[in-house]
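A.B. asks: My questions concern the predicted model and sequence given below.
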Amino acid sequence: MDSILSTLLYLVTGLIILFIGFIAFTFTTKMSEQKLILEDGNIAVALKLAGKLVGLAIVIMSAAKYSVNFTDFILWSFFGVVAQMITYWIAEFILFPKISFAKKVEEGNIAVAILLLTLSVTVGLLISGSISY
């Protein structure tokens, strides 16, 4: 019974952290992702957000798997959220300073969206593989 409760605790907490990360990402852009996806059918925005969710989920999964306790799990999970956000800012403002990723994605540029999706998943995998003791 303890393992079921522990699993539920980690699952619910992981979902909450995933939701917090998702909300944090949507606040970093001026566009309304919800409107662009649900009303306008903007595939580029959907791809960008999908990549962020998958990248965050990879980190949260590894945090749950490799953490030594519940507090450690929470810390590693939030570390992953922050690292994902920093990586996005590095890509946009340092690697591609003359391009507004947000504007390109809002315009429906699928190539940029796939680049951002890949970046989020790649960083999620790297963070996931780096969680160690």
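C.D. replies: The structure has been received and is ready for your questions.
A.B. asks: and after the lengthiest helix in the chain, which helix or strand comes next?
C.D. replies: In the chain, ranked by residue count with DSSP state H as the criterion, the top helix is helix 2-27. Downstream of helix 2-27, the first helix or strand assigned by DSSP states H and E is helix 33-38.
A.B. asks: now the following helix or strand past that next one: how far from the chain's centre is it?
C.D. replies: Next in sequence after helix 33-38, counting helices and strands by DSSP H and E, comes helix 43-66. Offset of helix 43-66 from its chain centre (Cα atoms, centre = their mean, to the nearest Å): 4 Å.
A.B. asks: before we move on, the earlier item: tell me the angle the longest helix of the chain makes with helix 43-66.
C.D. replies: Orientation check (axes from the mean of the first three to the mean of the last three Cα atoms, to 10 degrees): helix 2-27 against helix 43-66 gives 150 degrees.
A.B. asks: what pLDDT, on average, does helix 2-27 get?
C.D. replies: The pLDDT scores in helix 2-27 average 91.
A.B. asks: before we move on, what about stretch 70-79?
C.D. replies: In this model, stretch 70-79 has a mean pLDDT of 93.
A.B. asks: which parts of that stretch are buried?
C.D. replies: The neighbour-count check on stretch 70-79 (16 or more other Cβ atoms under 10 Å) flags Phe73, Ile74, Trp76, Ser77, Phe78 as buried. Using the backbone N, CA and C atoms, a C-beta is placed for each residue, glycine as well.
A.B. asks: What is the nearest of the residues you listed to Ala24?
C.D. replies: Using Cβ to Cβ, the shortest approach to Ala24 within the buried residues of stretch 70-79 belongs to Phe78, at 10.1 Å.
A.B. asks: could you measure the closest residue to Phe25 other than its chain neighbours against Gln84, distance?
C.D. replies: Once flanking residues are discounted, Phe25 sits nearest to Lys52: 5.1 Å by Cβ to Cβ, 6 or more residues apart in numbering. Lys52 sits 7 Å away from Gln84, going by Cβ to Cβ, to the nearest Å.
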